[in-house]
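> Sequence and computational prediction follow.
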Amino acid sequence: MEIKIYYQDTDCGGVVYYANYLTYFERARTEWMTEKGVSVKDLAKEGFLFVVAHAEVDYKSPAKYGEIIKVYTSLVDVKGVRLELSYKIEEKESKRLIVTGKTTLVCVGTDFKPKRISEEVIKKLII
């Protein structure tokens, strides 16, 4: 997915504030799941929530105000209650590597206790 970097995304030096990359991961993850036919909103209505249990961000070069970045999301593993994804962010034109990262999500119910990811959802995510 593409994201344009606005002033609000940056620090006083015009560089993307470091924590915003986690927001970009979240957006890209939601879009990736939607493209796979999995609606996060519908799953929540059915009592399936995904919470981030672990996140990694490796900063390679700064994204700056006015740039357009591309966020790529890939499935690493899905089983039981866990969903692991990796991310790569590049500047659109130059393809300069900006950030790589990973997240581990745990599926929980509305009581926030671990809840097994349905086979139907798993099948959609691995296609």
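Good, I have the coordinates.

> Tally up the residues packed near Ile69, please.
22 (other C-beta atoms under 10 Å). Every residue, glycine included, has its C-beta placed from N, CA and C.

> Which of the residues in the host helix or strand of it are classified as buried?
Element membership of Ile69 [criterion: DSSP states H and E] is strand 68-79. For strand 68-79, burial by neighbour count (16 or more other C-beta atoms under 10 Å) applies to Ile69, Lys70, Val71, Thr73, Val78.

> Look at Cys107 and report its pLDDT.
pLDDT, Cys107: 97.

> Run through the residues that contact it.
Applying C-beta atoms under 8 Å, 6 or more residues apart in numbering, one finds that Cys107 lies in contact with Phe48, Leu49, Phe50, Val81, Arg82, Leu83, Pro114, Lys115, Arg116, Ile117.

> cutoff 6 Å now
Neighbouring residues of Cys107 by C-beta atoms under 6 Å, 6 or more residues apart in numbering: Phe48, Phe50, Val81, Lys115, Ile117.

> quick one: it and Tyr18, what's the gap?
Using C-beta to C-beta, to the nearest Å, Cys107 is found at 28 Å from Tyr18.

> Am I right that Glu26 sits in a helix?
Yes: the assignment for Glu26 (DSSP: H, G, I helix; E, B strand; the rest coil) places it in a helix.

> what about Cys12, which SS state?
Assigned by three-state DSSP, the conformation of Cys12 is coil.

> Report the spatially nearest residue to the most centrally placed residue in the chain, omitting neighbours in sequence.
Ranked by distance to the mean C-alpha position of the chain (C-alpha atoms, centre = their mean), the top residue is Phe25 at 3.0 Å. Nearest residue to Phe25, sequence neighbours excluded (C-beta to C-beta, 6 or more residues apart in numbering): Tyr87, at 5.1 Å.
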